[in-house]
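Asks: Pasted the sequence and its predicted model underneath.
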Amino acid sequence: MKRYLFFVSQLYSLSIVRPLQKAIRERGDEVAWFLNQKQYAAYLNEDEKQLATVQEVMDYNPSAVFVASNTVPDFFPGIKVQLFHGFNAQKRDENKGHFRLRGFFDLYCTQGPSTTEPFKELAKEHQNFEVVETGWSKMDPLFEPFNAKPFFPAQSGAETPQSKKPVILMTSTFTPALSAAYHLFEQVKRMSKRQDWNWLITFHPKMDPEIVSKYKSLQSDNLHFVETDDIIPLLQEADLMLSDTSSIISEFLLQHKPAVTFKNRVPGPHLVNITDADDIEQAIEQALTKPAALMSAIEDYINLIHPYMDGKSSHRVIDATDALVDSGMKHLKRKPLNLFRRLKVRHKYGYYKFW
């Protein structure tokens, strides 16, 4: 039986690694969790094994550590596998964002060509890690049948798919300079009174509490504010997304559904992007008709970022991981010392052994 470890430093990691956990268990192997925030333990299920101390991790001796954040204790046993915390939303310059190397990872499991090709170039340059395109584990449940309880169930047996009210899902990044939530409140308040649309609203966990409170005040029969660590059911229920430059837009588009964005940092033909808040309603109406040019652009975008619709990305991640474990890492160069960064991690966990 093989042993693996999930290193979790943010709540959003839960929905990224749980599909991977399912795949590991289907193979008859074992996985444990290490949480860098004690309060996260409340979010674990009864059947999920937590390792509470560094010594427990050392004794567990996993063959690989899966990570959905930017750093991981380098002294943990096993190869370190980067899963990514989201798609590349191009919120910042590449040398500070998605393609920044921090010297912790042995394997990057990339989501699609747009991620794979830049990391392959970096791997060729540095020669101290491998890159395998697997698709993203978080997306596996997106391609399973919708089985969650809908927020807006049919009110009677007479309702048909053709007559069902469109569900608009509003999301927003927490970065004030990029967030639509700071600018669209009055427009959403007005549109939420329309009787022909339903609304779901969910924000990044780090969103300003005052903004969250404002939008919560809009809740009604046809608008629900949702706080959750699993957004997949929301993505599946919604017909259109209203957002900004959040990476979650890409997740939504994988369903071949349209998105309207407000001042997206890098707009493209796959988005209906507007820069004037007063144009929001008309943009939504247009996007809901699914214009042919828009849907064709969405298809092209999907093929670029995540062309895997089989729900098997987690299995590909495990295959790539096991292949590196089996081959060993003698063919890879040593990573940069990065002494300050590594000492900082060791100080956090009170672990100073270097042998």
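Replies: Nice, I can see it.

Asks: And the helices in the stretch 1-150 of the chain?
Replies: Under the criterion DSSP state H, counting those that start in this stretch, the stretch 1-150 of the chain contains helices at 14-26, 54-60, 113-126.

Asks: what's the spacing between the second one and its chain's center?
Replies: Helix 54-60 sits 28 Å away from the centroid of its parent chain (CA atoms, centre = their mean, to the nearest Å).

Asks: so how far is Gly78 from the residue nearest the centre of the chain?
Replies: For the chain, the residue nearest the mean C-alpha position is Gly86 (3.8 Å; CA atoms, centre = their mean). From Gly86 across to Gly78, the span is 24 Å (CB to CB, to the nearest Å). C-beta coordinates here come from the backbone N, C-alpha and C atoms, glycine included.

Asks: related to what we said a few turns ago, which one of the helices of the stretch 1-150 of the chain lies closest to Lys348?
Replies: Lys348 lies closest to helix 54-60 among these, at 10.1 Å (CB to CB).

Asks: what's in contact with that closest one?
Replies: Identification of contacts with helix 54-60 by CB atoms under 8 Å, 6 or more residues apart in numbering yields Arg3, Leu5, Ala32, Phe34, Leu51, Pro73, Phe76, Pro77, Tyr349, Gly350, Tyr351.

Asks: What ranges does the chain have for its strands?
Replies: Taking DSSP state E, the strands of the chain run over residues 3-8, 30-35, 49-50, 64-67, 79-82, 107-110, 130-133, 167-170, 198-201, 223-225, 240-243, 259-262, 272-274.

Asks: relative to strand 3-8, how tilted is the second one?
Replies: Right, strand 30-35. 20 degrees (axes from the mean of the first three to the mean of the last three CA atoms, to 10 degrees).

Asks: Rounded mean pLDDT for strand 30-35, please.
Replies: Strand 30-35 carries an average pLDDT of 98.

Asks: what's the answer for the fifth one, then?
Replies: Per-residue pLDDT values over strand 79-82 give a mean of 98.

Asks: and what of the third one?
Replies: When pLDDT is averaged over strand 49-50, the result is 98.

Asks: now do the last one
Replies: In this model, strand 272-274 has an average pLDDT of 98.

Asks: same check, this time on the first one
Replies: Computed over strand 3-8, the mean pLDDT rounds to 98.

Asks: Having no further points to raise, I will conclude here.
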